[in-house]
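Q: can't give you the sequence, but here's the structure:
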């Protein structure tokens, strides 16, 4: 009975306060902030937020695994080396098919095409690998500096630092060059082998017979090149699909198997034996082999290089993926 007056008094006070309406928003915000005035300057708090974000991003950059940068550098270098080999092989092939271009290449280099082909492809591949690696290192450093660089304005810096994730940015860079780091070396090696193998096989023929052999081998070479490009495209797409799929695509599963390496060795042995017979027959009789034999020899020679090279690149890719985890 003694609590009834207190309850009635509280109810009357609540009724009076409800009749007065809701309090002013600015007044409520000021009370929540702990100050008496609603016009408080929040710049000190924003500067503290910027300092905390800046320190967090610096720590993230300092603790980022160095393997991420190395993997990106090596992938860019492999892709550039494959592209350089592809361009050099295409230039030499133009010199084989066009006599004027071939003579100009020999005059400028001072070497016959049979020697110029492996030398130019090898040197361009090595130079592209080294320079692309240096450029990739500089690119990673520039991206990391940009992720912690001040824009000069307080709230712009806060937005930039909140959105910047140096580790995620480098991971995206690594994944962006994943497919081309496998595709371009395979394509460059296949075309480079076709050019060097042709020149080594027909180098000792007279000029007219060499031009005839090049003309009649253009169809098989073009067909094998198209098939190589199709294989490389499927391989690159399989590498891209693997990041979105819990299981590896069938093409990658087959290419990574040890049987692929063994098959490449067997095909290479066949190429050495069959190629020696074909080249000897051409030198002795001066008759270009039939289209079927030429197609078989060119396809087998390309497969003998593509199969073990693909297996090796995918093995390196698996190691890089484990280092980036």
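A: Cool, the structure landed. The model shown is predicted, which means the values in this text are computed figures rather than measured ones. Numbers count the residues shown, from 1 in each chain.
Q: if you skip the residues just before and after it, what's nearest to residue 158?
A: Nearest residue to residue 158, sequence neighbours excluded (Cβ to Cβ, 6 or more residues apart in numbering): residue 50, at 5.3 Å. Where C-beta positions appear, they are placed from N, C-alpha and C, glycine not excepted.
Q: pretty sure that neighbour contacts residue 156?
A: No: with contacts counted by Cβ atoms under 8 Å, residue 50 stays clear of residue 156, the gap being 9.9 Å.
Q: what's the closest non-adjacent residue to residue 175?
A: residue 243 (6.4 Å).
Q: got it, and residue 270?
A: residue 300 (5.9 Å).
Q: spit out the contact partners of that neighbour.
A: 267, 270-271, 274 (Cβ atoms under 8 Å, 6 or more residues apart in numbering).
Q: now stretch 152-168, how far from the centre of its chain.
A: Taking the mean of its C-alpha atoms, stretch 152-168 sits 27 Å from the chain's own mean (Cα atoms, centre = their mean, to the nearest Å).
Q: after the lowest-mean-pLDDT helix or strand in the chain comes which helix or strand?
A: When the helices and strands of the chain are scored by mean pLDDT, DSSP states H and E, helix 25-33 comes last with a mean of 50. The helix or strand immediately downstream of helix 25-33 is helix 43-62, counting by DSSP states H and E.
Q: so for that following helix, mean pLDDT?
A: On average, the pLDDT along helix 43-62 is 77.
Q: contacts for that helix?
A: 144, 147-148, 150, 154-155, 157-158, 161-162, 164-167.
Q: in the stretch 1-150 of the chain, where is pLDDT below threshold?
A: By pLDDT under 70, the low-scoring segments of the stretch 1-150 of the chain are 1-3, 6-7, 10-11, 14-15, 17-43.
Q: quick one on the thing from earlier: any idea which helix or strand carries the residue nearest to residue 270?
A: Per DSSP H and E: helix 291-324 holds residue 300.
Q: buried residues in the host helix or strand of residue 83?
A: Using DSSP H and E, residue 83 maps to helix 66-97. Buried residues in helix 66-97, counting neighbours by 16 or more other Cβ atoms under 10 Å, are found at 68-89, 91-93, 95-96.
Q: next SSE downstream of that helix?
A: With elements assigned by DSSP H and E, the helix or strand that comes after helix 66-97 is helix 99-109.
Q: elements contacting that next one?
A: With contacts taken as 3 or more Cβ pairs under 8 Å, 6 or more residues apart in numbering; DSSP states H and E, helix 99-109 sits against helix 66-97, helix 113-147.
Q: who are the packing partners of the helix or strand harbouring residue 192?
A: For residue 192, the element it lies in under DSSP H and E is helix 180-202. If you count contacts as 3+ Cβ pairs under 8 Å, 6+ apart, helix 180-202 packs onto helix 66-97, helix 113-147, helix 207-242, helix 258-285, helix 291-324.
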